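Participant: Take a look and give me a structure for this.
(2 chains)
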Amino acid sequence: MNRKINRRKVTMALLLICVGLLAAVAVSGVLLAGQAAQTDFSLKNQTPSLTHLFGTDWMGRDMLSRTLTGLSMSIRIGLATAAVSAGISLLLGSAAALSRRADGVVTYCIDLVMGVPHILLLILVSLACGKGLTGVVAGVTLTHWTSLARVLRGEILQLRSAPYLQVAVKLGQSKWAILRRHLLPHLLPQFLTGLVLQFPHAILHESSLTFLGFGLSPEQPAIGNILSEGMSYLTTGKWWLALFPGLALVVTVALFAALGEGVRRLLDPATAHE
Amino acid sequence: MKHRLGFALRKLLRMAVLLLGVSLAAFLLMTASPLDPLQTSVGQVAMGSMSAEQIARLEAYWGAGTPPLERYLGWLGDVLHGDLGTSLYFRQPVAQVIGQRLASSLWLMLAAWVLSGVLGLTLGILAGANRGRWPDKLVKGYCFVISSTPAFWLALLLMMIFSVWLGLLPTGLAVPIGVTADEVSLLDRVRHAILPALTLSLTGVANIALHTREKMADIMESDYVLFARARGESKGAILLRHGLRNVALPAITLQFGSISEIFGGSVLVEQVFSYPGLGQAAVTAGLGGDLPLLLGITVISAALVYGGNVAADLLYGAVDPRIRRGAAKR
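Facilitator: Got it, this is the predicted structure:
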């Protein structure tokens, strides 16, 4: 083994590659938005070729640029929703530490949200917001905070009995000061990891919701819509409409998952120097 | 024994309180929806052709002006009498629709639940026991890819391969087209359920396998396994006597916790395969503004999930003597 390149450096490099690729997809999607909507009926239903790597659909639109636009949309929605959702987890997780009663309320809310199957809850929230972009964003935001909130709550409950916290209490520090100066710095690594690990889920659920017809409207080149259209052409042998966009989605989500895994490895002291 | 009974009662009570919360939350979400239930159920065209007077009469008939709280209490009272309301889309009692749909969904979900559990546990133990070697890498790789794959795309992929290209299995529905109900054989039903069940199982494996692997790897590094090895026990014996029993507890949690995931997956998978199950009914109800049915399905699915949690809590006691005696407080 090469001693000079340790695992930490390799992980760092992988992280940078992941971020770079995802940023490239996000940006190219925005740039290609015009091209994605361009129709050319002389080129409809073409199988993948060098000029159209992903083929074209029934309106002669280039599937590659449509896929990139859709993925870019998904990434942006995923980033925004996961961030807000992680914020909710942090808020509720720390609220649970305040008092026994608050803890009861938060635990009840977590159990409540976790009791309804994810997709069903997404459908309900999306309906409540009238579907569309608002529906997707609200749905994914309001359903993804539970697991991280549970982790943070558990961590806080454990920390509360730590000697240095009890000393702080005895010294008469206010609850807010304890939270800010002693708890939050301790929770930060877990919070960041949880945040990044929420991206892939957010993207998967956004596309699922749109696929079912409760998300972005059918005119928008969202990845869920592309796959939903691809599904209706599948039985007539137009395999490329569903295969490549789906594969691109899997790669995007996998990149995010790898990103989360890398962040976890770097921030977790137990594995950081393995 | 007595405290186990009290424990079970407390768990059931909490489940009832949570179900009440779920129904109220779902109801409030539906009330908040800007989509006009009258318009979605009657249809925009029919609505346009109706006179204002007709619309007013229809609104009065459905009780559109009643305040939300009164409506919820009315619904709740009826539910306690066993009446879940009438589905607007299917024009049948909700309980009847759910019963029919659940019957066709249940064995699909059950097959996927058992298969993913057994497969996940086996793969997890295999990977955990061979940490760092090729079985571990293989299982980890599979889990990583599959947990990044949306269930509906996997369903599309399998359909593409087995139904369209190879022509081995039907592309959708639960029974063949153009055959009367009493002519449908069991084989037909199984053939139609293979692909949806396979998709659900494949996606369900990842979570269980990864967690079992982690736990198994911890166990293999524990002192008691080291001691067993020093005594000269074979690897198989260690896995069976020390590994499996210790992995059983988290495995039960995961297995019963996966009900929610399997149900969620079935919504997507049934939609792709047009399988007339509960999940597809949920999508139909949501798109068609059939709120009584959607509310009913939400409550039923939540009851399944909570029921699974309670079952897992009770099974701990059966598996682990420490918990049975109440000595170990978790």
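Participant: Could you say which helix or strand holds residue 20?
Facilitator: Answering for chain A, as no chain was given. According to DSSP states H and E, residue A:20 maps onto helix A:7-31.
Participant: switch to chain B, that's the one I care about
Facilitator: helix B:2-32.
Participant: tell me which strands and helices that helix is in contact with?
Facilitator: Applying 3 or more C-beta pairs under 8 Å, 6 or more residues apart in numbering or on different chains; DSSP states H and E, one finds that helix B:2-32 contacts helix A:100-115, helix A:118-128, helix B:68-80, helix B:291-319. Placement of C-beta: from N, CA and C, glycine included.
Participant: can you list contacts of the helix holding residue A:20?
Facilitator: A:68-73, A:75-76, A:252, A:255-256, A:258-259, A:262-263, A:265-266, A:272-274 (C-beta atoms under 8 Å, 6 or more residues apart in numbering or on different chains).
Participant: Mind giving me the PyMOL command for buried ones among those?
Facilitator: To isolate the buried members of the contacts of helix A:7-31 in PyMOL, using 16 or more other C-beta atoms under 10 Å in any protein chain shown:
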select buried, chain A and resi 68+69+70+71+72+73+75+252+255+256+258+259+262+263+265+266
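Participant: Show me what from the stretch 51-200 of chain A comes close to chain B.
Facilitator: Applying C-beta under 8 Å from any C-beta of the partner chain, we find that the stretch 51-200 of chain A lies next to chain B at A:108, A:111-112, A:114-120, A:123-125, A:127-131, A:200.
Participant: Near residue 106, how many other residues are there?
Facilitator: Chain wasn't specified; assuming chain A. Neighbour count of residue A:106, defined by other C-beta atoms under 10 Å in any protein chain shown: 21.
Participant: you looked at the wrong chain, it should be chain B
Facilitator: 14.
Participant: Kindly report the same for the one 5 residues further on.
Facilitator: As a burial measure, residue B:111 scores 18 neighbours (other C-beta under 10 Å).
Participant: before we move on, the earlier item: and among the helices and strands packed on helix B:2-32, the most buried is which?
Facilitator: helix A:118-128 (a mean of 27; mean count of other C-beta atoms under 10 Å in any protein chain shown).
Participant: same question for that one, mean pLDDT?
Facilitator: For helix A:118-128, the mean pLDDT works out to 89.
Participant: Quick check: which helices or strands does that helix pack against?
Facilitator: helix A:132-143, helix A:184-212, helix B:2-32, helix B:244-272, helix B:278-287, helix B:291-319.
Participant: Now, the contacts of helix A:7-31 that are in helices?
Facilitator: A:68-73, A:75-76, A:252, A:255-256, A:258-259, A:262-263, A:265-266, A:272 (DSSP state H).
Participant: what's the spacing between residue B:53 and chain A?
Facilitator: To chain A, residue B:53 is 28 Å away according to C-beta to the nearest C-beta, to the nearest Å.
Participant: State the phi and psi torsions of that residue.
Facilitator: For residue B:53, the backbone dihedrals are phi -70, psi -40 (criterion: degrees, to the nearest 10).
Participant: burial of it, as a residue count?
Facilitator: With other C-beta under 10 Å as criterion, residue B:53 counts 8.
Participant: Just the pLDDT at it, thanks.
Facilitator: The model's pLDDT for residue B:53 equals 80.
Participant: try the one 4 residues further on
Facilitator: For residue B:57, the pLDDT comes out at 79.
Participant: Can you verify it is assigned to a helix?
Facilitator: Yes. Judged by DSSP: H, G, I helix; E, B strand; the rest coil, residue B:57 forms part of a helix.
Participant: returning to that earlier point: for the helix or strand following the helix holding residue A:20, what is the distance to the chain centroid?
Facilitator: Remark: after helix A:7-31, the chain's next helix or strand is helix A:33-37, criterion DSSP H and E. Chain-centre distance of helix A:33-37: 25 Å, with C-alpha atoms, centre = their mean, to the nearest Å.
Participant: One more: stretch B:100-108?
Facilitator: Here stretch B:100-108 is found 12 Å from its chain centre; the criterion is C-alpha atoms, centre = their mean.
Participant: Mind exporting the C-alpha coordinates of that stretch to CSV?
Facilitator: Below are the C-alpha coordinates for stretch B:100-108, written out as CSV (Å, rounded to 0.1, in the frame of the first residue of the first chain):
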residue,chain,number,x,y,z
GLN,B,100,-61.2,-6.1,-1.7
ARG,B,101,-58.0,-4.2,-2.4
LEU,B,102,-56.2,-5.4,0.7
ALA,B,103,-57.1,-9.0,-0.2
SER,B,104,-55.1,-8.7,-3.5
SER,B,105,-52.4,-6.5,-2.0
LEU,B,106,-51.9,-8.5,1.2
TRP,B,107,-50.3,-11.6,-0.2
LEU,B,108,-48.2,-9.5,-2.6
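Participant: Quick one: mean pLDDT for stretch B:297-305?
Facilitator: On average, stretch B:297-305 scores 91.
Participant: How about that stretch and chain A, touching?
Facilitator: Yes. Looking at stretch B:297-305 against chain A by C-beta under 8 Å from any C-beta, the contacts come from B:297, B:298, B:301, B:302, B:305.
Participant: and those as JSON lines, adding distance to residue B:202?
Facilitator: As requested, these are arranged in JSON lines below (distance: C-beta to C-beta, whole Å):
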{"residue": "B:297", "distance to residue B:202": "25"}
{"residue": "B:298", "distance to residue B:202": "26"}
{"residue": "B:301", "distance to residue B:202": "21"}
{"residue": "B:302", "distance to residue B:202": "25"}
{"residue": "B:305", "distance to residue B:202": "21"}
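Participant: from those, which single one is nearest residue A:234?
Facilitator: residue B:297 (27.2 Å; C-beta to C-beta).
Participant: And that closest one, how far from residue B:94?
Facilitator: 8 Å (C-beta to C-beta, to the nearest Å).
Participant: quick one: low-confidence parts of chain B?
Facilitator: Along chain B, the parts satisfying pLDDT under 70 run over B:1-2, B:37, B:40-44, B:173-184, B:325-330.
Participant: Check which element follows the strand or helix carrying residue B:207 along the chain.
Facilitator: Using DSSP H and E, residue B:207 sits within helix B:186-220. Downstream of helix B:186-220, the first helix or strand assigned by DSSP H and E is helix B:223-230.
Participant: Buried residues in that next one, which are they?
Facilitator: Across helix B:223-230, burial judged by 16+ other C-beta under 10 Å covers B:225, B:228.
Participant: That one to helix B:186-220, inter-axis angle?
Facilitator: Angle, helix B:223-230 to helix B:186-220, by axes from the mean of the first three to the mean of the last three C-alpha atoms, to 10 degrees: 90 degrees.
Participant: Could you list every helix and strand in contact with the next helix or strand after helix B:223-230?
Facilitator: The helix or strand immediately downstream of helix B:223-230 is helix B:235-238, counting by DSSP H and E. Helix B:235-238 sits against helix B:223-230, with contacts defined as 3+ C-beta pairs under 8 Å, 6+ apart.
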